[in-house]
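**Student:** Dropping the sequence and predicted coords here.
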Amino acid sequence: MGDVRKLHRAEETGEAEKRLRVDLAAAFRLAVHYDWHEAVANHFSLAVSPDGRQFLMNPRWKHFSRIRASDLLLLDARDKSAMERPDAPDLTAWLLHGRLHANLPHARCIVHLHPAYATAVASLADPEIKPIDQNTARFYNRVAYDMNYGGMANTDAEGDRLSTLIGNKSIMMMGNHGVLVCAPTVAEAFDLTYYLERACRNLVLAYQTGKPLHVMTPEVAEKTAREWEADRDQFHSHFAEMKAILDGQDPTYAD
């Protein structure tokens with residue numbers, strides 16, 4: 001009976017990992033759809049163990065448009081030999097995502113990108129996402145800002161610094177660099193990334209008018225942000241709809 005239970009648990013674990021692989025692979029394809037990708041750089045990762053230290057991540061230098069569920073690397077943040085593997089991940093990705101997963105168990109899905117509008121805002125002397133509309137208000141008082149870029153994230157110390165800086169927040173605007181999004185699921189990470197880029201686009205367009213911004217009061221901005229947070233079902237529906245579109249266009253991401 002004990003062997004049967006172990007086999008059943010192993011099968012359930014395998015099925016759960018397959019579902020996670022499919023979701024993460026879909027996120028890569030959707031990043032291409034929205035033109036958030038950048039050559040063969042940038043990385044997404046997704047925890048598969050309860051403590052968050054075992055995680056999936058894209059292989060080194062594979063274009064997002066070609067990533068399939070079966071391509072994703074299974075890594076362990078505690079395994080320092082990962083970079084000695086024949087299929088070793090990108091060094092900066094390993095040191096950033098590995099340390100974030102080791103230090104932040106609540107950050108199940110981690111997205112690091114350099115999308116055009118969010119990176120433009122992150123490159124300003126004042127990168128605050130000011131609440132000027134419903135989208136920007138979603139991020140009111142919910143963003144960490146890193147203003148101390150020091151080059152490529154190629155040390156454990158840099159990964160630990162960013163882990164401390166983001167803390168329990170879900171978004172980091174990385175000055176002179178890009179953005180970092182952390183969420184409990186791929187669906188929520190995708191939705192946050194989508195609206196973050198839309199919010200930054202709205203802010204950039206408003207700045208381009210040269211006119212004064214009509215910034216919400218703190219009370220209205222906070223109320224709006226909380227209303228966003230109460231609508232998590234919509235986040236999952238958004239991702240499910242986009243996966244359905246992928247299924248109709250090119251379902252190979254799930255292979």
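**Tutor:** Ah, there it is.
**Student:** So, low pLDDT: which residues of the stretch 101-250 of the chain?
**Tutor:** Along the stretch 101-250 of the chain, no part satisfies pLDDT under 70.
**Student:** Show me the strands in it, by range?
**Tutor:** Taking DSSP state E, counting those that start in this stretch, the strands of the stretch 101-250 of the chain run over residues 109-113, 143-146, 171-174, 178-183.
**Student:** Throw the ones you listed into TSV and include mean neighbour count and distance to residue 214, thanks.
**Tutor:** Where you see a C-beta, it was placed from the backbone N, CA and C, and this is true even at glycine. As requested, the strands of the stretch 101-250 of the chain are exported to TSV (neighbours: other Cβ atoms under 10 Å; distance: least, Cβ to Cβ, whole Å):
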stretch	mean neighbour count	distance to residue 214
strand 109-113	25	29
strand 143-146	18	20
strand 171-174	24	22
strand 178-183	24	25
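**Student:** Is it possible to get JSON lines of the ones you listed that adds distance to residue 101?
**Tutor:** Listed next are the strands of the stretch 101-250 of the chain as JSON lines, based on distance: least, Cβ to Cβ, whole Å:
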{"stretch": "strand 109-113", "distance to residue 101": "7"}
{"stretch": "strand 143-146", "distance to residue 101": "17"}
{"stretch": "strand 171-174", "distance to residue 101": "15"}
{"stretch": "strand 178-183", "distance to residue 101": "10"}
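**Student:** Out of the ones you listed, which gets nearest to residue 55?
**Tutor:** Residue 55 sits nearest to strand 109-113 of all those, at 8.2 Å, using Cβ to Cβ.
**Student:** Report the angle between that closest one and strand 178-183.
**Tutor:** Here the directions of strand 109-113 and strand 178-183 differ by 170 degrees (axes from the mean of the first three to the mean of the last three Cα atoms, to 10 degrees).
**Student:** how far is strand 109-113 from where the chain is centred?
**Tutor:** Its chain's C-alpha centre and that of strand 109-113 lie 2 Å apart, by Cα atoms, centre = their mean, to the nearest Å.
**Student:** out of the strands of the stretch 101-250 of the chain, nearest to residue 121?
**Tutor:** With Cβ to Cβ as the criterion, residue 121 lies closest to strand 171-174 of the strands of the stretch 101-250 of the chain, at 6.8 Å.
**Student:** which residues are contacting the closest one?
**Tutor:** By Cβ atoms under 8 Å, 6 or more residues apart in numbering, the residues outside strand 171-174 that reach it are 118, 121-122, 127, 129, 139, 142-146, 149, 162, 165-166, 179-182, 192, 196.
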